[in-house]
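Asks: Below are the sequence and a predicted model for it; my questions follow.
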Amino acid sequence: MLMDGHTHTELCPHGSGEATEKMIQRAIQLGMQKYCITEHAPLPPDFKQQYAGQLTGFTTASLPLALVPDYLKLARALQKKYASQLAISVGFEVDFLPDQVAWTRAFLNEYGPQTQENILSVHFMRGTDQKFWCLDDTLTDFETGFEAWLNQPQVLFNQYYQTVLASVVADLGPTAPQRIGHMSLIRKFQDRFNLTAPLDATNLALVDEILDQIKWQNREIDLNLAGLFKPFCNDFYPGHQILERAKKRGIPLIYGSDAHDIQSVGHGQHLAIALING
């Protein structure tokens, strides 16, 4: 089934502001049969005390809590309006923050039953000064936040995948997200900081542990093509090493454009299909 499993809306603070309805219309034009709206879930208010980096990396990262009802109203209205042309699921892309599991679980307990599909992603990782830094906001914040490991790529990768593992095994309640988002986001700036090396044996063993958990939990992986179009990434998430290991385990790979604008809907979909079927 042709689908886009990871998209955002006009309400996303760091998005284009383009109408979600027009994004859906593009999906229909592309012949898609299913479309998942997965807006960034709010960050816990207390997380601001743990966050370092440009303030916009916190303030524009996700939907404000006050706008959650507006988001659900918008998404449900579009779901109903286009029901005869496209199956639309409504959900959130939820951030995993290791010190905020209780808050995240409470959010999912409240809003999870109102959704159909959700994604769990790691966008923030502990780094300089034991603060949390954004992995995919700015080059400056990435360099400052993770400078201790930039000359040791495998150590950096290990820190990231330890966080991903923690996200997968975290108890987020009965409505925990079923899909693990862009599982190699640590490489968004790989061509700027020379982070292109394949994962070493230690990190592959860690990835195998993550994948075994995903398989055991009957979860899915976000086959996210957004990285291919980022100026310093130029590759899809989660990359070939992880893709092949996931395929061997029979883990479902769900194509996602991660579109924040109209033209990005369906970006790279033919490559994604080839990767899944190849």
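Replies: All right, it came through fine. Numbers count the residues shown, from 1 in each chain.
Asks: Which strand or helix spans D4?
Replies: strand 3-7 (DSSP states H and E).
Asks: helices or strands next to that strand in the packing?
Replies: Packing partners of strand 3-7 (3 or more C-beta pairs under 8 Å, 6 or more residues apart in numbering; DSSP states H and E): strand 34-40, strand 220-224, strand 253-256. For every residue, glycine as well, the C-beta is placed using N, CA and C.
Asks: now do 10 Å
Replies: On a contact count with 3 or more C-beta pairs under 10 Å, 6 or more residues apart in numbering; DSSP states H and E, strand 3-7 meets helix 20-29, strand 34-40, strand 87-95, strand 119-121, strand 220-224, strand 253-256, helix 269-277.
Asks: In PDB, list the C-alpha atoms belonging to the third one.
Replies: Provided in PDB are the C-alpha atoms of strand 87-95 (Å, rounded to 0.1, in the frame of the first residue of the first chain):
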ATOM      1  CA  ALA A  87      -7.200   6.700   4.800                       C
ATOM      2  CA  ILE A  88      -5.800   9.300   7.200                       C
ATOM      3  CA  SER A  89      -4.500   8.400  10.700                       C
ATOM      4  CA  VAL A  90      -4.000  11.000  13.400                       C
ATOM      5  CA  GLY A  91      -1.200  10.900  16.000                       C
ATOM      6  CA  PHE A  92       1.900  12.400  17.400                       C
ATOM      7  CA  GLU A  93       5.600  12.200  17.000                       C
ATOM      8  CA  VAL A  94       6.600  11.900  20.700                       C
ATOM      9  CA  ASP A  95      10.000  12.800  22.100                       C
END
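Asks: in that strand, what counts as buried?
Replies: Neighbour counts over strand 87-95 (16 or more other C-beta atoms under 10 Å) mark I88, S89, V90, G91, F92, E93, V94, D95 as buried.
Asks: and these as a markdown table, adding pLDDT and distance to T60?
Replies: Listed next are these as a markdown table, based on pLDDT from 0 to 100; distance: C-beta to C-beta, whole Å:
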| residue | pLDDT | distance to T60 |
| --- | --- | --- |
| I88 | 99 | 25 |
| S89 | 99 | 25 |
| V90 | 99 | 22 |
| G91 | 99 | 20 |
| F92 | 99 | 16 |
| E93 | 99 | 14 |
| V94 | 99 | 17 |
| D95 | 99 | 13 |
